[in-house]
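Enquirer: Coordinates for the following, if possible.
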Amino acid sequence: MISVTENGIALLNTTIDNENGEFPNRYFDAMRLALEAMGAQVIPFKWKDLAEERARDGILQSFAMAVVSGNDGYGPHFEDGDEFKRRLGFMLQFAGRGLFVCRGGQFYLRQMGAEFAKDQKPEHGPTLTSILKKDDHLVKGLSKDFLIYGAHAQRIDQNSLPSNVEVVAESKNGTLSIAKIIDKDHWISQNHPEYLELEARVILHNLLRK
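Expert: Residues are numbered from 1 along each chain as shown. Alright, predicted model coming up:
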């Protein structure tokens, strides 16, 4: 049974708008299409929408589920930058179920005090990933080793994670793939489950299920 919320799922874009509208963000678009294909009603919020306090308050008060997309390279490029804090920092207080993908997840963890690893191991394309916490809701039904799409040049140092973050899965390179915020219904996915040709589609099904 897919969880139903009165106002659908808030989908937040991390790619900056230009003067004529919005730069394309393939990750945002792919996530919207993937969730809609699973029967979810998706309410998109552009980067410029998130500058409005009313929009941010509306997300906090009106939605039981939210997804923060990855970033397609059109700045801001630093997760701890002032604009990321101003437009997305409120999501750390989001009370509903949340999934924070790639750049959105890196921003979340950085705000909690985590650091980037000094030895960068970029991952691009299908990435073999292993489940460490098989009883976690987000990975139920997945094989212990599964493929998920990677598209990042930076990775979070797992040794810097605060105590309320549990690593659910990591890539064969030792890179954090999925993490759970223990005291919230929030997950981080440094990789991209919205690419449905891979096994990781199960992650989005689980996100939508009670």
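
Enquirer: you'd agree residue 63 is up against residue 96?
Expert: Yes. Residue 63 lies in contact with residue 96 (C-beta atoms under 8 Å); the separation is 5.9 Å. Using the backbone N, CA and C atoms, a C-beta is placed for each residue, glycine as well.

Enquirer: Who does residue 167 form a beta bridge with?
Expert: Judged by DSSP bridges, the bridge partners of residue 167 are residue 179.

Enquirer: Please report how far it lies from residue 12.
Expert: Relative to residue 12, residue 167 is positioned 24 Å away (C-beta to C-beta, to the nearest Å).

Enquirer: who's more crowded, the two?
Expert: Counted by other C-beta atoms under 10 Å, residue 167 and residue 12 do not tie: residue 12 has more neighbours, with 27 against 17.

Enquirer: looking at it, that one is touching residue 68, isn't it?
Expert: Yes. Contact between residue 12 and residue 68 holds when scored by C-beta under 8 Å: they sit 4.6 Å apart.

Enquirer: where do the contact lists of the two overlap?
Expert: Both residue 12 and residue 68 are contacted by 88, 91, 104, under the criterion C-beta atoms under 8 Å, 6 or more residues apart in numbering.

Enquirer: Turn those into CSV, including distance to residue 39, secondary structure and pLDDT.
Expert: Supplementary listing: these in CSV, determined by distance: C-beta to C-beta, whole Å; DSSP: H, G, I helix; E, B strand; the rest coil; pLDDT from 0 to 100:
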residue, distance to residue 39, secondary structure, pLDDT
88, 27, helix, 93
91, 24, helix, 96
104, 23, helix, 91
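
Enquirer: and the nearest residue to residue 145 once chain neighbours are set aside, backbone torsions?
Expert: Leaving aside its sequence neighbours, residue 145 sits nearest to residue 130 (C-beta to C-beta, 6 or more residues apart in numbering; 5.2 Å). Per-residue torsions, residue 130: phi -120, psi 140 (degrees, to the nearest 10).

Enquirer: In CSV, list the C-alpha atoms belonging to stretch 136-149.
Expert: Output of stretch 136-149 as CSV, limited to C-alpha atoms (Å, rounded to 0.1, in the frame of the first residue of the first chain):
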residue,chain,number,x,y,z
ASP,A,136,16.3,-0.9,7.6
HIS,A,137,12.9,-0.1,6.0
LEU,A,138,14.5,1.6,3.0
VAL,A,139,16.4,-1.5,1.8
LYS,A,140,13.8,-4.2,2.4
GLY,A,141,13.5,-6.5,-0.6
LEU,A,142,17.0,-5.6,-2.0
SER,A,143,19.7,-8.1,-2.4
LYS,A,144,22.6,-7.8,0.0
ASP,A,145,24.7,-6.5,-2.9
PHE,A,146,22.8,-4.4,-5.4
LEU,A,147,23.4,-1.8,-8.1
ILE,A,148,22.6,1.9,-7.7
TYR,A,149,23.5,4.8,-9.9
